[in-house]
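1. Next comes the sequence, and after it the predicted model I'd like to discuss.
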Amino acid sequence: MEAAGHDTKHTLDLPLRNRTPDNDILDLAEKETRIVVTKDDDFVQSYLVTGKPAKLLFVATGNISNNELEKLVQANLKKIEEAFEEHHFIEIGQDILAIHE
């Protein structure tokens with residue numbers, strides 16, 4: 001997404017890397033006004049219960065390669081960007097782009 005002009009951070013960029021607690025990720029997303037992009041259902045549950053993160057892109061593709069995932073996001077990036085202009089919780093799958101309220 002950086003190639004499309006988006007400022008991104010991966011958990012591997014954080015001090016605790018992939019061991020970063022979910023609450024730390026939520027705090028960072030809030031502090032830096034970031035969209036959390038995840039396959040982890042824990043973030044969906046957090047969003048539904050607490051409204052955090054403020055914006056969530058849930059990747060519901062099952063097991064696909066990173067290359068396939070990158071192609072899927074690139075193919076839908078414009079729609080994702082437009083959806084986040086008005087919505088806060090979006091789900092992407094191999095055959096769907098769903099907006100949740």
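-> Structure's in. What do you need? Numbering: from 1, shown residues only.
2. And the residue of the chain positioned farthest from its centre, how far from residue 53?
-> Residue farthest from the centre of the chain, counting by C-alpha atoms, centre = their mean, is residue 15 at 19.6 Å. Going from residue 15 to residue 53 by C-beta to C-beta, to the nearest Å gives 19 Å. Glycine gets a C-beta too; all of them are placed from N, C-alpha and C.
3. Just give the closest residue to the residue most central in space within the chain, not the sequence neighbours.
-> Residue closest to the mean C-alpha point of the chain, counted by C-alpha atoms, centre = their mean, is residue 37 at 1.4 Å. Leaving aside its sequence neighbours, residue 37 sits nearest to residue 57 (C-beta to C-beta, 6 or more residues apart in numbering; 4.5 Å).
4. cool, residue 99 as well?
-> According to C-beta to C-beta, 6+ apart, the nearest residue to residue 99 is residue 87 (4.9 Å).
5. rewinding a little: the residue farthest from the centre of the chain: what secondary structure?
-> coil (DSSP: H, G, I helix; E, B strand; the rest coil).
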